[in-house]
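>>> sequence first, then the predicted structure, then my questions.
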Amino acid sequence: MTNHWIDIRNADVILVMGSNAAENHPISFKWVTKAMEGGAVLLSVDPRFTRTSAKAHLYAPIRSGTDIAFLGGMIKYIIDNKKYFEEYVRLYTNASFLVNPDFKMPGELDGLFSGYDAKGRKYDKSTWAFQKDTNGLIKKDPTFQDPNCVLQLLKKHYSRYTPEVVSTITGTPKDKLLKIYEIYASTGKPGKAATIMYAMGWTQHTVGTQNIRTMAIIQLLLGNMGVAGGGVNALRGESNVQGSTDHCLLFHILPGYLRTPQASIATLKEYHDKFTPTTKDPMSANWWSNYPKYSVSLLKAFFGANATKANDFGYGWLPKLDDGQNASWLVLFDEMYKGSFSGFFSWGQNPACSGANANKVRLAMAKLDWMVTVNIFPSETGEFWRGPGMKPKSIKTEVFLLPAAASFEKEGSITNSGRWAQWRYKGGNPPGEAWPDGEIMSELYYRVKALYEKQGGAYPDPVLKLTWDYGPKGSDGKIKHVDPHMVAKEINGYFLRDVKIKDKLYKKGTLVPSFAFLQDDGTTSSGNWLYCQSYTEKGNMMARRSKKDPSGVGLYLEFAWAWPVNRRIIYNRASVDENGKPWDTEHPVIQWDSAAKKWLGDVPDGGWPPLSAGKASRYAFIMKPEGHAHIFGPGLADGPFPEHYEPYECPIEKNLMNAQKFNPTIKIFSPETATPLDVVFSCDPRFPIVATTYRMVEHWQTGVMTRWQPWLVEAQPQLWVEMSNELAGLRGIKNGDKVLVQSARGQVEAVAIVTERFKPFEVAGQTIHQVGLPWCYGWITPPDGGDSANLLTPSIGDANTMIPESKAFMVNVVRKGV
Amino acid sequence: MGTYAALVDLSRCTACRACQVACKQWNELPGEKTVNTGTYQNPPDLSVTTYTLIRFKEGSQNGEMWWNFFKDQCRHCLEPPCKEAADMKAKGAIIKEASGAVLFTEKTRLLDGKEIREACPYDIPRQDPNTKLMAKCTFCADRIAHGMIPACIKACPTGTLAFGPRDNILETANKRLAEVKKRFPEAKLMGDQEEVSWIYLLHRPEAEFQMTARAKVARPVVVARRSLLRPFGVLVAGAAVLGSARADSDSPRE
């Protein structure tokens, strides 16, 4: 979230699309309800009518996988009707930037942007660049007249997204489309804000990143970024998924979104040169120019005194990706399936049910020599070898189950969707031999280290040189217990020597007050620069519980701590005009006190004075080298503007928007190496029905934590599939019947919920049926509960992130026993 | 201890069912073995181990869908017909506390479950076929006695459920009704708010909520039954109306 949960109450319009907040983020509805009671309008766009839709002022159906068409139509509406917030767009976005005249768009190039390499399935992005003057500054046209300026290109690109075309792609009735456009676009003026609540319904598509980009463009056009009640708000699907991402859950990043080194980048200097952006514009803060301070401080946190300037602070000890290597989930399991590696730690997860194309995942695990599962309950993953269709005697994989402490049985922090790091205390001891994850990792570290010390091994240094100062050590040299406070302090970072900054002396061994103090010379450490300030000499900021809110807009600056530097609404320098006066005087986020020469309210995105101060000021979007938000986004794999492509497995022969059927830059497991389970069947009469997966309020993720809970199993005992009366009629299915849902990759048995809440879509003159089913079940328990809906989903991912396309694929549904 | 009431503002309910689960947790009631019958609603009905339940109902009007959620449980009548019926058979089987809670005691074993259930205008009480004990929502009288609000109300994230002194809740209900009417002109209180401790605000027509047939005609039934039973129940009823500190001498708090 750029904003935070409480801030939803400040919105004038709330769009819930690509999520189902009432069911999957139930507490958020406290704030949605508050907003509505203050006059806000709730819009729900979803393939079916949900518990969120039940509360909405307006519901519009949409065929799964067509969000860019829907939102592209909104961009056209906003531009055609001049609903955009012109001053905001001029001041804070790159709408006035001039693009290379050779840049071409899908309307001109059969659905492609200029620079496409069909063989490599990727773009040469050289024409996607901005025009620069002789001083290296980007050329701009603040009047937006130049045909090569971003706003004109945007207008041209989305001129093709007429309500008629959008309606025939999405299946959304035209009157509903226009009504939603009108309501949402009404916030494109000072003092009005709309927010978007999205989740996996947007991300889990081959165009997932671009779905969110489309919304970001809309929010920028309407001046909804940085303001109270606005923002682009990802509702994270697990209470600490934000924290785990911040601390590098994913393969392409190190803690704090630093980049994973590649094999060809041999030295720290080359690494810094490659990933530290530069700008010639003196008004751009270009905050990432501090990159080396954060990376060196991270290396000092990893390797302590072993990291010296002479040895590149241990850069060489970091694991490296091969150049071009993709180590995302789908690829990992593809390699596992092919037998490329022998062991696997499945920690706090249940891939046998959560992984797309779960049959492939389950078979892949049978190729391992060993697998360790760390969980609080038995799972379909730990017991995959005795699952449906498995022959335990022929499976070589040795499985170890390490029982873990549940979240309430250990102390530590979680970071919620609103970026609040919150300290939590231990409620009770874990049962039996269950340990906190940190203790398991610590023991593993000591055992692996001992093996390296004894046997040498190929490259012992990365392990032997690590620091491990997480508590008092016993006579064996091992820490007795992992102290979460020590971990939190390491994440924050220390001064490693007496350091003088701006005439103030910071003593060696004290905690760094904030990331502005981090250094690139090895005098500071920080396990994650974004969290620097979370645990300081003033104490554990994450444990704060003050309910004071002098802002009046729900910032609660002394409750817990938010990254970065306790900022509650990021990009908040865009919430004011050139003079630092809030666009919305009723809900000010920050405001410039010209007498005191300082900002009041939230922690601003940098303390520089407002834009009217000229050279002393800085542009609002400090993380971008040019200081302006990206309406034109040249960094992504699939294009600087989002374009509608059909899902990889889809119901119609022809993309009605362009000549490319699906995203031309997605990674396709090549026919030579693809496994039999990588099959997809588009427009195949055997699988004529669109399907999507979702969660429900009663179960949690794959249900590994909730399916053992009798009160929750009582409320939702069995896998179901929702379908329209029309489809049920065609298939001779009655409400409550047992049915089989089949895709090219697998099948599940489910109870039919036949409901008016699902309706067939009229798409390109044909009737398209859609069904939906939750992925919260698994064979292990309850005994008659059904299995994972991910047995149906395909192994295909987003062009930028490789998140699997679990939200739009093709199935058939038949009555069981027919 | 004053008389308490609860407000169920259905305009705010998202059917997250935190109330349903919190009730089971606090009362240590087992999960029932259920199957999906083509609806989210489960368990299918109230029982001796399910004191509260969200009932789902969906439909459409002029092509626009609606989906409404109804939290069902004992209404804790001010003059409970179940108690009036029970008093004739086994005094102390059903008691009414000054808090407003109507409680079933061990002596409900002595009652005819069918008769008591039929006496209830809302079809709430259930009898265990084996132990013959009767059971229903307790208003979390044990929590109230310790200064805590009922478990279901504590768990509600959206503000659908509220708890407080009866006068305050009635005032809140009327205030909320005026607000809800702006968006839902047909909104109303259920009409029995002078008879019960659980006060319902319906934002849409009554027919669009899944409730038992008898609940929909609750008031006439109550009136009819009370006039029928009054000669026997007058003393107890009188005490409740006067709002005395303690409505029943058999109160377990005594």
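Great, that's in hand.
>>> okay, CA-based contacts and neighbour counts for the rest of this
OK.
>>> what's the residue of the stretch 451-600 of chain A at minimum distance from chain B in contact with, if anything?
Taking C-alpha to the nearest C-alpha as the measure, the point where the stretch 451-600 of chain A comes nearest chain B is residue A:554, at 17.3 Å. Residue A:554 sits next to A:6, A:7 when contact means C-alpha atoms under 8 Å, 6 or more residues apart in numbering or on different chains.
>>> show me what from the stretch 51-200 of chain B comes close to chain A.
Where the stretch 51-200 of chain B comes near chain A, counting by C-alpha under 8 Å from any C-alpha of the partner chain, the residues are B:59, B:60, B:65, B:66, B:67, B:68, B:157, B:158, B:159.
>>> among these, which two are most distant?
Greatest spatial distance among these (C-alpha to C-alpha): B:60 and B:157, at 27.0 Å.
>>> sorry, back to before: chain A: which of the residues of the stretch 51-200 of chain B next to chain A is nearest?
Proximity of these to chain A (C-alpha to the nearest C-alpha) peaks at residue B:158, which lies at 4.4 Å.
>>> is it true that that closest one touches residue A:30?
Yes. With contact defined as C-alpha atoms under 8 Å, residue B:158 and residue A:30 form a contacting pair (4.4 Å).
>>> what about the residue of the stretch 1-150 of chain B found nearest chain A, neighbour count?
Taking C-alpha to the nearest C-alpha as the measure, the point where the stretch 1-150 of chain B comes nearest chain A is residue B:38, at 4.0 Å. For residue B:38, the neighbour count with other C-alpha atoms under 10 Å in any protein chain shown is 19.
>>> tell me the secondary structure at it.
When classified by DSSP: H, G, I helix; E, B strand; the rest coil, residue B:38 comes out as coil.
>>> phi, psi for residue 176 please.
The chain I'm using is chain A. Residue A:176 has phi and psi values of phi -70, psi -40 when expressed as degrees, to the nearest 10.
>>> excluding covalently adjacent residues, which one is nearest to it?
Leaving out its chain neighbours, the residue that sits closest to residue A:176 by C-alpha to C-alpha, 6 or more residues apart in numbering or on different chains is residue A:60, at 6.0 Å.
>>> can I take it that the one you found is in a helix?
No. Counting by three-state DSSP, residue A:60 falls outside a helix, being strand.
>>> quick check: mean pLDDT of the top helix by length along chain A?
The longest helix of chain A (DSSP state H) is helix A:437-455. Mean per-residue pLDDT for helix A:437-455: 97.
>>> which of the residues in that helix are buried?
Buried residues in helix A:437-455, counting neighbours by 16 or more other C-alpha atoms under 10 Å in any protein chain shown, are found at A:437, A:438, A:439, A:440, A:442, A:445, A:446, A:449, A:452.
>>> for stretch A:529-540, same thing?
By 16+ other C-alpha under 10 Å, the buried positions in stretch A:529-540 come out as A:529, A:530, A:531, A:532, A:533, A:534, A:535, A:536, A:540.
>>> quick one: residue A:366 and residue A:351, what's the gap?
From residue A:366 across to residue A:351, the span is 13 Å (C-alpha to C-alpha, to the nearest Å).
>>> with residue A:263 instead?
29 Å.
>>> what residues does the stretch 551-700 of chain A put near chain B?
Residues of the stretch 551-700 of chain A lying close to chain B (C-alpha under 8 Å from any C-alpha) are A:697, A:698.
>>> closest residue of the stretch 551-700 of chain A to chain B?
As assessed by C-alpha to the nearest C-alpha, chain B sits closest to residue A:697 within the stretch 551-700 of chain A, at 6.1 Å.
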